[in-house]
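J.: Compute the structure for the input listed below.
(one chain, ligands or ions: 1)
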Amino acid sequence: MITVMGATGHTGKRITELLLQAGEQVRALGRSESKLAGLARAGAQVLAGDPTDAAFLTKAFRGADAVYTLLPYEVQTIDYHAAQKAQGEAIVKALHDSGTRHVVALSSVGADLPSGTGPIVSLHAQEARLRGLEGANVLILRAGALFENFYGALGFIKEQGINGDAVAADVAIPMIATRDIAEVAAKALRDRNWSGVVVRELLGPRDLTYAEATRILGARLGKPDLAYVQLSYTELVEALQQAGFSENLASLSAELAQAFNERRVKSREGRKPESTTPTRFEDFVEELASV
Ligand SMILES: NC(=O)c1ccc[n+]([C@@H]2O[C@H](COP(=O)([O-])OP(=O)(O)OC[C@H]3O[C@@H](n4cnc5c(N)ncnc54)[C@H](OP(=O)(O)O)[C@@H]3O)[C@@H](O)[C@H]2O)c1
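T.: Here you go, the predicted model:
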């Protein structure tokens, strides 16, 4: 039995599907039974509950050979780090109380740094909590920026006729498809062939600048002249708040853009075959364009 948190989301849903296809028993977690119904039909045992409730999570993790964890968020979160801390502490308490031996935890490139990386600071803190789990084997997956972030850019492109962010046009960032993270996570959850705390970077097929990603996206959307415009940090905060982000998360996103611009958020190990994943941005935009 393998327990998967965030099972209705990008990585968790795909992990659940891959595990079911491989004949594993899966306990899929989410906050609502109705959103989990498809996975129940596909053969998962589904459990709906509050992922900040350590007692719920302990029940969900107990008896599992391995658990997949992540720290999801909503863009309206008023105090982002406080919310992530509450979730992170509940997860680690539940892993401890349930005696879980193998954990695969989604984290991010940049989580090696304790501060100055916006939302990623919470993942640094979660990695530290996970390292404190005695007797557990924890695989930390430090993923690059998710291709799926570009879903959020579609509205801006439609309204403004440009793509904009505060990251400089020439800063190349590791970017990855969530399905590639899911492949690695599902295999690890099945194999359970590591011991202690292991960090693995997942970097996508190559580093991409926003300017290049915008060109690829524009070409597929039939807008070959779609421009990437670097916004000021203040402009980014305003644009994100207009798109529904809380002031706190908009400011943290600007802090992250600055960290990219100062080349502080990057691979620590350098690109290697085992951190390079197959899905290209060109493949992903086919899916994005259909939306
Ligand atoms: N964005 C990036 O570029 C980036 C880069 C590296 C790592 N990451 C990490 O990747 C994570 C996202 O992974 P993902 O894409 O697989 O997740 P996701 O699809 O964003 O969310 C997974 C599930 O979590 C639940 N959820 C959403 N908001 C929640 C909240 N406020 N409290 C509790 N549950 C909530 C939802 O399920 P239900 O509604 O069914 O409960 C959702 O389907 C990020 O949170 C971050 O830690 C992100």
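J.: From the structure, what's the count of residues near residue 81?
T.: 17 (other Cβ atoms under 10 Å). Quick note: C-beta positions are derived from backbone N, CA and C, even for glycine.
J.: show me what contacts the nearest residue to it once chain neighbours are set aside?
T.: Leaving aside its sequence neighbours, residue 81 sits nearest to residue 122 (Cβ to Cβ, 6 or more residues apart in numbering; 5.4 Å). Residues near residue 122 by Cβ atoms under 8 Å, 6 or more residues apart in numbering: 71, 80, 81, 84, 85, 88.
J.: Assumed residue 122 was part of a strand.
T.: No - Residue 122 is assigned helix when assessed by DSSP: H, G, I helix; E, B strand; the rest coil, not a strand.
J.: Just give me the closest of the contacts of residue 122 to residue 185.
T.: Lowest distance from residue 185 to those (Cβ to Cβ) belongs to residue 71, with 14.5 Å.
J.: before we move on, the earlier item: so which of the contacts of residue 122 are also by the ligand?
T.: residue 71 (Cβ under 6 Å from any ligand atom).
J.: what about the spatially closest residue to residue 279 that is not a sequence neighbour, how many residues close to it?
T.: Counting by Cβ to Cβ, 6+ apart, residue 279 lies nearest to residue 177, which is 3.8 Å off, once chain neighbours are set aside. Residues lying near residue 177 (other Cβ under 10 Å) number 26.
J.: any idea where the helices of the chain begin and end?
T.: 10-21, 33-41, 54-61, 80-98, 120-131, 150-160, 178-191, 210-220, 233-242, 247-261, 281-290 (DSSP state H).
J.: got the buried residues for the first one?
T.: Buried residues in helix 10-21, counting neighbours by 16 or more other Cβ atoms under 10 Å, are found at 10, 11, 12, 13, 14, 15, 16, 17, 18, 19, 20.
J.: circling back to that earlier point, what would the helices of the chain look like in a markdown table with mean pLDDT?
T.: Shown next, in a markdown table, are the helices of the chain (pLDDT from 0 to 100):
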| stretch | mean pLDDT |
| --- | --- |
| helix 10-21 | 98 |
| helix 33-41 | 98 |
| helix 54-61 | 98 |
| helix 80-98 | 98 |
| helix 120-131 | 98 |
| helix 150-160 | 87 |
| helix 178-191 | 98 |
| helix 210-220 | 96 |
| helix 233-242 | 96 |
| helix 247-261 | 98 |
| helix 281-290 | 92 |
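J.: mind listing what the nearest residue to residue 120 once chain neighbours are set aside touches?
T.: Using Cβ to Cβ, 6+ apart and skipping residues adjacent in sequence, the residue nearest residue 120 is residue 110, 4.3 Å away. Neighbouring residues of residue 110 by Cβ under 8 Å, 6+ apart: 117, 120, 123, 142, 256, 259, 264, 265, 266.
J.: Can you lay out those as JSON lines showing neighbour count?
T.: Formatted as JSON lines, the contacts of residue 110 follow (neighbours: other Cβ atoms under 10 Å):
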{"residue": "117", "neighbour count": "24"}
{"residue": "120", "neighbour count": "23"}
{"residue": "123", "neighbour count": "26"}
{"residue": "142", "neighbour count": "25"}
{"residue": "256", "neighbour count": "24"}
{"residue": "259", "neighbour count": "21"}
{"residue": "264", "neighbour count": "14"}
{"residue": "265", "neighbour count": "26"}
{"residue": "266", "neighbour count": "19"}
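J.: Which positions in this protein make contact with the ligand?
T.: Residues of the chain lying close to the ligand by Cβ under 6 Å from any ligand atom are 6, 8-12, 30-32, 35, 51, 70-74, 106, 108, 123, 143, 145-146, 149, 178.
J.: ok, now with 5 Å
T.: 6, 8-11, 30-31, 35, 51, 70-72, 74, 108, 143, 145-146 (Cβ under 5 Å from any ligand atom).
J.: Mind checking which of those are buried?
T.: Counted by 16+ other Cβ under 10 Å, these give 6, 8-11, 30, 51, 70-72, 108, 143, 145-146 as buried.
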